[in-house]
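*Asks:* next come a sequence and a model predicted from it.
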Amino acid sequence: MAKAIKLALEQEVGSGIYNLGSGKQTSVLEICKIVEKELSVSNYFLQHQFQQDPAKKYICFKANITKAKNILNWEP
């Protein structure tokens, strides 16, 4: 994603929303695990955030990166 940001700055593209992502669907739980690893904490989200609504950890997201691919000539 850093490469896409660099390309946007170098190409001086117009303002707007450019979704960036890996190109694959990712669950909230997977994202939380990555954040926990980077912050050197374990089970924070499972203990604090998902207790009230355990189903939240199964929600998945996939960004539409078509605009970034086409305008920036970028691939994840």
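*Replies:* Okay, I see it.
*Asks:* which helix of this protein spans the most residues?
*Replies:* helix 28-39 (DSSP state H).
*Asks:* ok, residues contacting the strand or helix carrying residue 3?
*Replies:* Here residue 3 sits within helix 2-11, counting by DSSP states H and E. The contact list for helix 2-11 (Cβ atoms under 8 Å, 6 or more residues apart in numbering) reads 18, 20, 68, 71, 72, 73, 74. C-betas here are computed from N, CA, C, even on glycine.
*Asks:* low pLDDT regions in this structure?
*Replies:* Within the chain, the ranges that satisfy pLDDT under 70 run 1, 45-61.
*Asks:* now, which of the contacts of helix 2-11 lie within helices?
*Replies:* Judged by DSSP H, helices contain the following of those: 68, 71, 72.
*Asks:* buried subset of these?
*Replies:* Buried members of the ones in helices among the contacts of helix 2-11, scored by 16 or more other Cβ atoms under 10 Å, are 68, 72.
*Asks:* let me have the ones in helices among the contacts of helix 2-11 in a markdown table, extended by distance to residue 6.
*Replies:* Converted to a markdown table, these look like this (distance: Cβ to Cβ, whole Å):
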| residue | distance to residue 6 |
| --- | --- |
| 68 | 12 |
| 71 | 14 |
| 72 | 9 |
